[in-house]
Structures are given as C-alpha cells and as structure tokens.
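> Task: produce atomic coordinates for the following.
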Amino acid sequence: MKILLLGEYSNVHWTLAEAFRKLGHEVTVVSNGDFWKDYPRDIDLSRTYDKWGGIKYGMHLLSILPKLRGYDVVQLINPMFLELKATHILKIYKYLRRHNKKIYLGAFGMDYYWVMTCCTDKPLRYSDFNIGNELRNNADALKERADWLNTDKEILNKYIANDCDGIIAGLYEYDVCYRLHFPDKTTFIPFPINIAPAICEEPTPMEKHGKTWPLRLFIGINRERSEYKGTDIMLRAAEAIKNKYPEKVELRIAESVPFHEYVEMMNGADAILDQLYSYTPSMNPLEAMKHGIICIGGGEPENYESLHEADLRPIVNVQPNYESVYEELEKLLTSSVTVVKLQQQSRQYVLKHHESQKVAQQYIQFYLKKQ
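Numbering: from 1, shown residues only. Okay, here's the model as predicted:
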C-alpha cells in the first residue's frame, strides 16, 4: 500500500510511518516537524515567518504537489494540516481528493469538533474547555474558541469531516466528540509508540538507581500553553512537594525544547506530570511509560474501558485541581513498592496497547474497510 502522511503532531505520523514500512508499505511523511519539536520527516514543509516566508512556503508547496498524487491512502494530521489560511487549505484538500484514492482525517488534537462539542454537548466531565457545566475562560480556551467557532476553520473542518473516507481518533476524548457527529465513519485507534525489544527488559528507574529515594519528577512546560494544559497547576504542586520533602524529591523541568532534548532530560525520571485536563495519556507520557516512567495525569476509567484493559492500572489519575495533584504525589512518597509496581505496569501497558506495529495493523485494517 502506498501511504502519504500529511502534517505532524507529537511524532504520531513518523512513528506510524516507521511501523508501516516494517509491514512492507511505501510511506511518505510531509510535515514541518511540529514546529520547534523538530520531529523527523521525509519532505520538510516548514515555514519561516519573515518578510518573504509566505511566498517561499507557497512556492515550495507548489513544487511538491505533484509528489502528493497517486497514493492509496492520504492521512491528514488535522484539518489545518498546512501552515496556510483555511480557505487555501480547502483548495489543497480538493486537489488531494482528486488525485488520490482515499483520504482519512486524524482526530488527534485541536479542531472544530473538539472545541464545539466540549463547549456545547459537554460529553466529558472536564476537558480543555469545560469543568462540569462551566466553560473555562482562561486566555487559551477563549482564543481557541474564537479561532475555530464561526470561522473559516470551522467550514474547512466540516467539509473535510463530511467528505473524507474515515476519521481516526487517537484518544478516548477525541473519539467521544467525533462519534457524536460521525458515528459511522469514526474509529478509535491508540497512539503508536516505537518500542525496541530491549526496552521491555530494562529495570525500572528506581531499580536502576539501587535505592528508594529521591523520587525523580519530570515535567515538560510550554509557557505559552501552560495554563491551558494545566501544567502551571501541576508544577506548583510538584514544587510544593519538593519544598516539603527536599530529601525525598527531585524535580526536573523541560521548557519548550526540541523532542530529542526533551527525551534526554526525561531519561532517569521516576514519574512524569502531564496534561491535567486529560482522561488519557498522550504521546509524551506514553513515550515516558515505555521506559517505566509513571504518568501522573489522565487515567480515568473510560481510558481503560476504551482499551478493554481489565488488569493494568499504571497511571496515577488526578482530578483537574491542585489538591488532587499534591495528594497523589504525596501518596507516591509513602511507598517505594507502589512506585516500582506502577513503573513495571507502565512498560507492560504501552507494550500491550501502543506498540507501533500492532497499532499500524489496526490502521491498515481500517483503511481496507469499506466505508
């Protein structure tokens, strides 16, 4: 099968591409590397924002368009899969539709159906946009609502979602929101994680250190999105725990660094704090979990139910508030046995549900399914 993956989000497409290739498929990844994260890609389509950046980007895009034809499958990371205005992206989408067999839309992050559904139907107890029946009114939430609701982005997203051959959600939350509107063409497939065989045999971080404490906490901060994702609250709770137990806690912070630096800084941690308003772990905590690093974040019952997981419970689930994060961190400090058990289960969980070739097979089955 000849597959084109357009755009990038947290290394989802590149990880999928590597797995597809191992399964014998021909794959091309075209992306901007997810901006400063700089993930790998086959064709670079990044844009500079200087005086001539838009013109150079447009010329480069036109030059590669002939290479984006003749694929069995085109998968879009998001309705905004290019660094263009939505009206221009719609024209490119129609070009791709004419010159390829099937097109699939990824429900992997911010888009109209995520924003609109969380703000109106509110199928989740909490999300990036609501806490219960109350809408969040922080600056980022307001910005995204203004960006996606009653705009050209909404028109683009609606057009692609209605026209495409299928919609693939990478998290439980996104599946819930899209399934309300497109029950017949939406499927849930877990995010893919590349797991080298040796990783499965590695000792947990605490076993490596040969001692119980300190508990090594790691948190990645994007200052521009910290309040929106809740890392401001998680960081505050982690700093408070460190101040109360200075001999038992170490805290490492990565702020807006490229992916390879992020991974280097994360190595050796015992636990990662990530995304306060999520029901499920996303790509970065899953990447950590494969190394036996505990995820403190989204591990709601719905997450395990969506994976049909009855036994493993490796995620330290927190509610979207400071008190919950602080309380769960303090609990971890009471038992090294609990920490080691959760670290072992974290590796098992990722291997069982997110191993990239298993996930890639699910994608292929969905591509081949008659819509």
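> and residue 258, what is it in contact with?
Applying CB atoms under 8 Å, 6 or more residues apart in numbering to residue 258 gives the contacts 36, 37, 38. Quick note: C-beta positions are derived from backbone N, CA and C, even for glycine.
> hang on, isn't the first one packed against residue 260?
No. Under the contact definition of CB atoms under 8 Å, residue 36 does not touch residue 260, with a separation of 11.8 Å.
> Find residues that contact each of those two.
Counting by CB under 8 Å, 6+ apart, no residue touches both residue 36 and residue 260.
> For stretch 15-32, list every residue counted as buried.
Neighbour-count burial for stretch 15-32 flags 15-20, 25, 27-32 (criterion: 16 or more other CB atoms under 10 Å).
> For the residues you listed, which two are the farthest from each other?
Between any two of these, the greatest separation by CB to CB is 23.1 Å, found for 25 and 32.
> What residue spans form the domains of this structure?
2-192+356-368, 197-353 (automatic domain parsing).
> how much space between residue 254 and residue 261?
7 Å (CB to CB, to the nearest Å).
> and residue 251, how many residues sit next to it?
Residues lying near residue 251 (other CB atoms under 10 Å) number 18.
> Could you do the one 5 residues further on as well?
Residues near residue 256, counting by other CB under 10 Å, number 15.
> Give the closest residue to it in space, chain neighbours not counted.
Nearest residue to residue 256, sequence neighbours excluded (CB to CB, 6 or more residues apart in numbering): residue 222, at 5.4 Å.
> That neighbour touches residue 228, doesn't it?
No. With contact defined as CB under 8 Å, residue 222 does not reach residue 228; the gap is 9.0 Å.
> contacting residues for residue 43?
28, 29, 30, 31, 64, 67.
> Could you do residue 31 as well?
By CB under 8 Å, 6+ apart, residue 31 lies in contact with 5, 6, 7, 8, 13, 14, 39, 41, 43, 44, 45, 77.
> Spatially nearest residue to it (excluding sequence neighbours)?
Residue 31 sits nearest to residue 8 (CB to CB, 6+ apart), 3.7 Å away.
> Please name the residues that touch that neighbour.
Residue 8 sits next to 14, 29, 31, 32, 33, 34, 39, 41, 77 when contact means CB under 8 Å, 6+ apart.
> Doesn't it lie inside a helix?
No. Per DSSP: H, G, I helix; E, B strand; the rest coil, residue 8 lies outside any helix segment and is coil.
> quick one: contacts of whatever helix or strand residue 92 lives in?
Using DSSP states H and E, residue 92 falls within helix 86-99. Contacts of helix 86-99 from elsewhere in the structure, counted by CB under 8 Å, 6+ apart, are 6, 61, 65, 68-70, 74, 76, 79-82, 84, 103, 151-153, 155-156, 159-160, 163.
> Take the contacts of residue 31 and keep only those in helices.
13, 14 (DSSP state H).
> Looking at the contacts of residue 31, which is nearest residue 295?
For the contacts of residue 31, the residue nearest residue 295 by CB to CB is residue 39; the value is 20.5 Å.
> can you redo the domains of the chain as JSON lines with mean pLDDT?
Shown next, in JSON lines, are these (pLDDT from 0 to 100):
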{"stretch": "domain 2-192+356-368", "mean pLDDT": "97"}
{"stretch": "domain 197-353", "mean pLDDT": "88"}
